[in-house]
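Asks: Model the following, please.
(2 chains)
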Amino acid sequence: NAGVTQTPKFQVLKTGQSMTLQCAQDMNHNSMYWYRQDPGMGLRLIYYSASEGTTDKGEVPNGYNVSRLNKREFSLRLESAAPSQTSVYFCASRSAMYNEQFFGPGTRLTVL
Amino acid sequence: SQQGEEDPQALSIQEGENATMNCSYKTSINNLQWYRQNSGRGLVHLILIRSNEREKHSGRLRVTLDTSKKSSSLLITASRAADTASYFCAANAGGTSYGKLTFGQGTILTVHP
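Replies: Numbers count the residues shown, from 1 in each chain, chains lettered A, B, ... in the order given. Modelled structure (predicted):
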């Protein structure tokens, strides 16, 4: 059981470039989430997917898109990266039975 | 906007002492959760307390919840150097929130050996 995996671990982009952050979970969870974490701050929700086939905006969705490819995978896309999107991105999935969220190790993104 | 605010922002103690972190939130909740984050890592779930509970224990952790004051506290007893980490509270509004969590800014705990 790998839990929640994220790729890549690190990425450097130039302003205007695009990229997709990948996330997969092997716990058969229905709900998945994307957060960003900036220095000295807690996590802020970007998008979430309550179940396969559905996605919804969180607190800070501007500049991002998501795809819930199947039950396992939930990707986050930056179409035109901006320096303000420099952050650490975490994917999580939720156990409906116990309500806790399981987090991946994060992707550290720098936009120059 | 952040649902939770945590106090203190940083806490430095000696091994063996107790550490208390406080969290306040703004709206009604279904449950409140505490997470731990070691430097450079993802968050790990510690404990969940439901809105109809007032206190919960798990090992050296004790969580209290006061819904009238919209506040919670996390107590770590007999702290160890390995407890050094950032601790976050996260509020779940329940209902149709689909498990969404709103996190506080966190408390950085340093335990000196």
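Asks: contact partners of stretch A:61-69?
Replies: A:32, A:34, A:46-47, A:49, A:52-55, A:74-80, A:82, A:84-85 (C-beta atoms under 8 Å, 6 or more residues apart in numbering or on different chains). The way it works is simple: take the backbone N, C-alpha and C, and place the C-beta from them, glycine included.
Asks: Pull out the buried members of those residues.
Replies: Taking 16 or more other C-beta atoms under 10 Å in any protein chain shown as the criterion, what is buried in the contacts of stretch A:61-69 is A:32, A:34, A:46, A:47, A:49, A:55, A:74, A:75, A:76, A:78, A:85.
Asks: Which residue, other than its chain neighbours, is closest to residue A:10?
Replies: With C-beta to C-beta, 6 or more residues apart in numbering or on different chains as the criterion, residue A:10 has its nearest non-adjacent residue at 5.0 Å, and that residue is residue A:108.
Asks: Check residue A:11 too.
Replies: Nearest residue to residue A:11 in three dimensions, chain neighbours excluded: residue A:109, at 5.1 Å (C-beta to C-beta, 6+ apart).
Asks: how about the one you found, what does it touch?
Replies: When the contact criterion is C-beta under 8 Å, 6+ apart, the partners of residue A:109 are A:10-13, A:19, A:21, A:78, A:81, A:85-89.
Asks: do the same with residue A:3
Replies: Contacts for residue A:3 (C-beta under 8 Å, 6+ apart) come out as A:25, A:26, A:27, A:102, A:104.
Asks: Make JSON lines out of the residues you listed and add distance to residue A:68.
Replies: Formatted as JSON lines, the contacts of residue A:3 follow (distance: C-beta to C-beta, whole Å):
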{"residue": "A:25", "distance to residue A:68": "11"}
{"residue": "A:26", "distance to residue A:68": "16"}
{"residue": "A:27", "distance to residue A:68": "15"}
{"residue": "A:102", "distance to residue A:68": "17"}
{"residue": "A:104", "distance to residue A:68": "15"}
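Asks: Pull up the residues of chain A that are close to chain B.
Replies: A:4, A:31, A:33, A:35, A:40-45, A:48, A:50, A:56, A:58-59, A:90, A:92, A:94, A:96, A:98-106 (C-beta under 8 Å from any C-beta of the partner chain).
Asks: Right, I'll call it a day here.
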